[in-house]
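Enquirer: give the three-dimensional model of this entry:
(2 chains, ligands or ions: 2)
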2 protein chains.
Amino acid sequence: MKSVFKSPLSLTVLASCLLSVGAIAAPANDPATLAQIRDSAMKSDWAYERLADLTDLVGPRLSGSAGAAAAVEQVAAAMRKLGAKVTLQPVKVPHWVRGAETAELVDYNGRPAGITQKIVLTALGGSGATPAAGLTAPVLVVRSLDELKAKAAQVKGSIVLVDVPFDQELADRGHAGAAYGPGAGFRYVGPKMAAELGAAAALVRSVGGANFRIPHTGVTGLVDGARIPAAAITTEDVLLLDRLLARGPVKMHLTLTPQNLPDADSFNVIADWPGSDKADEVVIVSGHLDSWDLGTGAHDDGTGVAGAMGVIETLKKLNLHPRRTIRVIAWMNEENGTRGGKAYFDANKDKLDKHFAAIESDSGGGRPFGFIGSVTPPMVKYFAPLKDALAPIGAGQFERHDIAGAADTSPMERAGVPVFEPMVDSSAYFNYHHTPADTLDKVSPLELKRHVAVMTSLSWFLANMEQPIGRTAHQDSED
Amino acid sequence: MKSVFKSPLSLTVLASCLLSVGAIAAPANDPATLAQIRDSAMKSDWAYERLADLTDLVGPRLSGSAGAAAAVEQVAAAMRKLGAKVTLQPVKVPHWVRGAETAELVDYNGRPAGITQKIVLTALGGSGATPAAGLTAPVLVVRSLDELKAKAAQVKGSIVLVDVPFDQELADRGHAGAAYGPGAGFRYVGPKMAAELGAAAALVRSVGGANFRIPHTGVTGLVDGARIPAAAITTEDVLLLDRLLARGPVKMHLTLTPQNLPDADSFNVIADWPGSDKADEVVIVSGHLDSWDLGTGAHDDGTGVAGAMGVIETLKKLNLHPRRTIRVIAWMNEENGTRGGKAYFDANKDKLDKHFAAIESDSGGGRPFGFIGSVTPPMVKYFAPLKDALAPIGAGQFERHDIAGAADTSPMERAGVPVFEPMVDSSAYFNYHHTPADTLDKVSPLELKRHVAVMTSLSWFLANMEQPIGRTAHQDSED
Ligand SMILES: [Zn+2]
Ligand SMILES: [Zn+2]
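Expert: Ligands and ions are numbered 1, 2, ... in the order given. Now for the predicted structure:
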């Protein structure tokens, strides 16, 4: 009995000693700590609660709006409450405010007397305004910028629709970004080109899937002096226009009264979780705090911000401090100017060698499968322990890309900072993206936990790596 | 050579004689004619073209609107062009016109200064108006009419939300009508009850699936003297309200400015394709011509109207004349009053014995599987040849129901006229129904062909039946 009693006690003491020695001697990226981070994130509702605060209490937060200002306060307060060192970095942002937006087809072949057909659309960020009573002009549909140029004579005085369909099949096959890219490009460039050719107004087909006659907004690249009215119309209304144009000429009455106000004062929210022996080096983990004004920006990019905030909550709960400083950033103005990303880059231009890596999540809160990163090829092998740690939640994939970054981290990436992003299922993302339907109910609490697990594990891993993961290959060619 | 030449000629003559004899002697419901009708319908784009005319050229056609008037003219003209005998039956219809409709949450726990949360809603047909500047009141959510009654004290002065979710799973399992029924009932009854209890306004959860933050309108049963503002809010906004109410009291600012105008003059469009030896007996085949004002009423009920119109087009093309008269009716005002159905019933009350049967299609243009009908059980067997004729297009099912009819044929059915309706896949119907997204692109041209095949075959079969299919069992108990 005696020896039986003594033996377990000795084992406990021994185990405790071993653990203690382990905590000091083992590298910080040991599997046990990575597992602890992953499991803690998978148990926490904290990030989802912050996402609910952001979307339910504040709601839409377009740059320059009261919502954006309230979001800055809310996120800063939550980060301070965790004990992070919070800085508000001033950013001057565009201040565009949506007005009335209506459209009707007022003339077409076969139109019964007294009938006008309603068109559902929403102004693009940066759109100019029509007169308060609207304008009436013939509609011209083009399928490409080449066709737009080729039809210059018809463009003058017309309402030009640049009709480039969203490739949902491509999105369903896992290439949502590639599906989104072309339409987003035409949305940015098309209205400016139409304006230069003398168009009365410019329309683009909504860039996104799931057609329930909801328009998808987004930024357009109009400039002062040629700031014509510009809007995204629904897929249904594009198809209606196509059918009516097959019957003959169509005239639209369009009313858009947005305002382009002087630049407003806003902020990037920066919250540091200090490192230990390499505290002067930073690993950024981030999402963008601004959203479009139609929905509440739950997927875009509430999940990115809440996911980044969750990194500090997870580490604090586990009382973990990395070697490098983990810097949470909630960027301002990703949607219509990327002024936050630019301001940070300008302020840190000569400290880029102290930026070990930057993570930004901006592809929505769909199921994460792993992460992508723009490290140099020889570095990929060093991420094996991180992949192993995330594999149990189905997020163990690592894809190296030449360019990995989201918009705000892009200037740093071009200057050689390795950039990371969670790899998520975004096949449904563009159904809701930039629409009134981007709301909290679309975000799965479970996927958000996985998201925090990936963001925290990746941040922690990067902040503790032994190996410098180096400058990316495109530093010289692109900067 | 000679005999070879002679022989086919003789056979041709013989075959021609046999066919000729057959056409006289065989019953009109012979398989060959039924196959000819089915195949002809499956080849024709005519009904889809009429649906395009109705939705693209006219668009929304709420009772009393210019659209409804234009639709009457358009359908009557198309029917006259086919040589049908067209009558416009006068109907006095409610005239309700949508106004401004906006809502914001202006007070809730945790609300940052200067923030209001937008709520997406749409007025219900028959809604009263708020003051032009809106009204502000606390929001009370109830899940049933019993709870509404039980909370009478809180209802007074509140904006009451009757929150009954749409059961999409039930719809997916093939019971879309059963999924729709409860919500539609609460939508009709709830606001009236709330008004009687002194509510400032009444909201209902949108009755329908596919949540893209689009509200689904519909008629509510408010009466003059207690015509409070009433609207359907989106599922997303119900969920937001629920979450904010869990944090504390919520106040909404609501602006709805619809108008209830004096009854307007309108018409049922009635187009007869005359019968032969029993021309005084009629088989009605119909859909409703009015639609809600948000979409273009493609599925609801453009497909019903176009399907019914297609019956005459198919028979004319084949030069077929039935024994009984086939009467196409495009009903007016199904959506908010059923005045067309009632007017027809009142005008034909003493001719019901000459109404052999009535078909109405009003479950959308989804894939048809067959038809349902309220015949007496012993009559089911006589429909075997019709089932056989429709089986090759997958539409050979016949389900006998005690009550089969859609709204407009319901008074006749209650008086004993057997009523039929195509049996269609309506699992997706309530995604679009009563929303801006009910547009032509949602209707499959192929399914509409099947729809016309079912409507024409069924009309033809009924118009030629030997057997009287008799009065239905519920004649005495329900009328
Ligand atoms: Zn974004
Ligand atoms: Zn209907």
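
Enquirer: can you classify the spatially most central residue of chain A as helix, strand or coil?
Expert: In chain A, the C-alpha nearest the mean C-alpha coordinate belongs to A:Asp362, at 2.8 Å (C-alpha atoms, centre = their mean). Secondary structure, DSSP: H, G, I helix; E, B strand; the rest coil: A:Asp362 is coil.

Enquirer: my read: it touches A:Val419, true?
Expert: No. The criterion here is C-beta atoms under 8 Å, and A:Asp362 misses it with A:Val419 at 11.5 Å. To be clear about C-beta, it is placed using only N, CA and C from the backbone, and glycine gets the same treatment.

Enquirer: A:His216: what's it in contact with?
Expert: Neighbour list for A:His216: A:122, A:206-208, A:232, A:430, A:433-435 [criterion: C-beta atoms under 8 Å, 6 or more residues apart in numbering or on different chains].

Enquirer: distance check, the residue nearest to the centre of chain A against ligand 1.
Expert: Note on A:Asp362: its distance to ligand 1, by C-beta to the ion, to the nearest Å, is 4 Å.

Enquirer: torsion angles phi and psi at that residue?
Expert: Dihedral angles of A:Asp362 (phi, psi; degrees, to the nearest 10) stand at phi -150, psi 40.

Enquirer: only alpha carbons, please: show stretch A:427-440 as PDB.
Expert: Presented in PDB, the C-alpha positions along stretch A:427-440 are these (Å, rounded to 0.1, in the frame of the first residue of the first chain):
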ATOM      1  CA  SER A 427     -18.300  29.600 -53.300                       C
ATOM      2  CA  ALA A 428     -21.300  31.300 -51.700                       C
ATOM      3  CA  TYR A 429     -19.500  34.400 -50.600                       C
ATOM      4  CA  PHE A 430     -20.300  36.400 -53.700                       C
ATOM      5  CA  ASN A 431     -24.000  35.700 -53.400                       C
ATOM      6  CA  TYR A 432     -24.100  38.100 -50.400                       C
ATOM      7  CA  HIS A 433     -21.000  40.200 -50.900                       C
ATOM      8  CA  HIS A 434     -21.800  44.000 -51.300                       C
ATOM      9  CA  THR A 435     -25.500  43.400 -51.000                       C
ATOM     10  CA  PRO A 436     -28.100  44.100 -48.300                       C
ATOM     11  CA  ALA A 437     -28.100  40.300 -47.600                       C
ATOM     12  CA  ASP A 438     -24.500  40.300 -46.100                       C
ATOM     13  CA  THR A 439     -25.900  39.900 -42.600                       C
ATOM     14  CA  LEU A 440     -24.900  38.000 -39.400                       C
END
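
Enquirer: how far is stretch A:405-420 from where the chain is centred?
Expert: Stretch A:405-420 has its C-alpha centroid displaced from the chain centroid by 14 Å (C-alpha atoms, centre = their mean, to the nearest Å).

Enquirer: next, see if that stretch gets close to ligand 1.
Expert: No. Stretch A:405-420 stays out of contact with ligand 1 when judged by C-beta under 5 Å from the ion, the minimum separation being 7.4 Å.

Enquirer: C-alpha coordinates for that stretch, CSV please?
Expert: Backbone C-alpha positions of stretch A:405-420 (Å, rounded to 0.1, in the frame of the first residue of the first chain) are rendered in CSV as follows:
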residue,chain,number,x,y,z
GLY,A,405,-2.5,39.2,-50.2
ALA,A,406,-5.7,41.0,-49.8
ALA,A,407,-6.0,44.7,-50.7
ASP,A,408,-4.7,46.3,-47.5
THR,A,409,-1.6,44.2,-47.2
SER,A,410,-0.8,44.5,-50.9
PRO,A,411,1.6,47.5,-50.6
MET,A,412,3.6,45.6,-48.0
GLU,A,413,3.6,42.4,-50.1
ARG,A,414,4.8,44.3,-53.2
ALA,A,415,7.6,45.6,-51.0
GLY,A,416,8.6,42.0,-50.1
VAL,A,417,6.7,41.3,-46.9
PRO,A,418,5.4,37.7,-47.0
VAL,A,419,1.6,37.9,-46.9
PHE,A,420,-0.9,35.2,-45.7
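
Enquirer: what about it, average pLDDT?
Expert: Stretch A:405-420 shows a mean pLDDT of 93.

Enquirer: A:Lys251 reaches A:Tyr108, doesn't it?
Expert: Yes. Contact criterion C-beta under 8 Å: A:Lys251 and A:Tyr108 qualify, at 7.3 Å.

Enquirer: tell me which of the two has more neighbours.
Expert: Between A:Lys251 and A:Tyr108, A:Tyr108 has the larger neighbour count (other C-beta atoms under 10 Å in any protein chain shown), namely 23 against 17.

Enquirer: list the contacts of the more buried one.
Expert: Counting by C-beta under 8 Å, 6+ apart, A:Tyr108 touches A:117, A:244, A:247-251, B:57.

Enquirer: rewinding a little: any common contacting residues for A:Asp362 and A:Val419?
Expert: Counting by C-beta under 8 Å, 6+ apart, the contacts common to A:Asp362 and A:Val419 are A:Ala406.

Enquirer: A:Gly310: what's it in contact with?
Expert: Shown in contact with A:Gly310 (C-beta under 8 Å, 6+ apart): A:41, A:44, A:46-47, A:50, A:451-452, A:455-456.

Enquirer: go with 6 Å
Expert: Neighbouring residues of A:Gly310 by C-beta atoms under 6 Å, 6 or more residues apart in numbering or on different chains: A:47, A:452.

Enquirer: now do the one 4 residues further on
Expert: Applying C-beta under 6 Å, 6+ apart to A:Thr314 gives the contacts A:40-41, A:456.

Enquirer: same list, those residues, but as TSV with secondary structure, pLDDT and neighbour count please.
Expert: Shown next, in TSV, are the contacts of A:Thr314 (DSSP: H, G, I helix; E, B strand; the rest coil; pLDDT from 0 to 100; neighbours: other C-beta atoms under 10 Å in any protein chain shown):
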residue	secondary structure	pLDDT	neighbour count
A:Ser40	helix	98	18
A:Ala41	helix	98	29
A:Thr456	helix	98	29
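
Enquirer: and which of those residues is nearest chain B?
Expert: Of all those, A:Ala41 has the smallest distance to chain B: 22.9 Å, by C-beta to the nearest C-beta.

Enquirer: am I right that that closest one is in contact with A:Val452?
Expert: Yes. Contact criterion C-beta atoms under 6 Å: A:Ala41 and A:Val452 qualify, at 4.3 Å.

Enquirer: so how far is A:Ala123 from A:Val227?
Expert: You called it Val, but residue A:227 is Arg. Between A:Arg227 and A:Ala123 the computed distance is 12 Å (C-beta to C-beta, to the nearest Å).

Enquirer: which one of the two has more residues nearby?
Expert: Neighbours were counted for A:Arg227 and for A:Ala123 using other C-beta under 10 Å; A:Ala123 has more, 26 against 18.

Enquirer: could you pull up phi and psi at that one?
Expert: Main-chain torsions, A:Ala123, degrees, to the nearest 10: phi -60, psi 150.
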